[in-house]
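> below are the sequence and a predicted model for it; my questions follow.
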Amino acid sequence: MTKAYEKLSRPRAFRKGELVLVLRRIITSRHHGPKFAPNWEGPFIIDQVYDGGTYLLADQEGNHPISPINGRYLKKYHGQNRPVESNKHRSREEENSTVDWVKSCDGVDRLFE
């Protein structure tokens, strides 16, 4: 049975900087919300990877709202709305290309009139 299970299961491994969702555990935290509240909360950013599959998570502001958590309670976030990156991490070329792109789109709205 062990061989059959291991054939189908894949260990989850996340890297620093990836976005993940955290399973909301009802046993450890009393959740008194609506009946159909989501089971997952986040997204969080993986801030540090420890041995044994433990991860330290950070929210969008860089705070650590959760103590280090095992990877079995995480899943990869595939959402459309990514956290906004601060401008201090962007290179000058990325900023210039964004400004050029916005300038090139100024006349686009006139095409659809």
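Noted; the coordinates are in hand. Numbering: from 1, shown residues only.

> what's the weakest-modelled helix or strand in the protein?
For the chain, scoring each helix and strand by mean pLDDT, DSSP states H and E identifies helix 108-111 as the least confident one, at a mean of 44.

> list of residues touching stretch 53-72?
Stretch 53-72 has contacts (C-beta atoms under 8 Å, 6 or more residues apart in numbering) with 11-14, 20, 22, 44-50, 74, 83-84. For every residue, glycine as well, the C-beta is placed using N, CA and C.

> can you tell me which of those are buried?
Buried residues within the contacts of stretch 53-72, defined by neighbour count using 16 or more other C-beta atoms under 10 Å: 14, 20, 22, 44-46, 49, 74.

> of those residues, which belong to strands?
20, 22, 44-46, 49, 74 (DSSP state E).

> farthest pair within these?
The widest separation within these, taken as C-beta to C-beta, falls between 22 and 49 and amounts to 15.3 Å.

> buried ones in stretch 54-70, by neighbour count?
Residues of stretch 54-70 classed as buried under the neighbour-count rule (16+ other C-beta under 10 Å) are 55-57, 66, 69.

> where's the dip in pLDDT among those residues?
Across the buried residues of stretch 54-70, the member with the lowest pLDDT is residue 66, scoring 89.

> ok, that residue to residue 49 distance?
15 Å (C-beta to C-beta, to the nearest Å).

> for residue 1, same thing?
The spacing between residue 1 and residue 49, counted by C-beta to C-beta, is 31 Å.

> quick one: residue 55 is in a strand?
Yes. Assessed with DSSP: H, G, I helix; E, B strand; the rest coil, residue 55 lies in a strand.

> so where's the chain shaky on pLDDT?
Confidence mapping of the chain against pLDDT under 70 gives the ranges 26-32, 80-113.

> mind listing the helices for it?
According to DSSP state H, the chain carries its helices in the segments 2-8, 92-104, 108-111.
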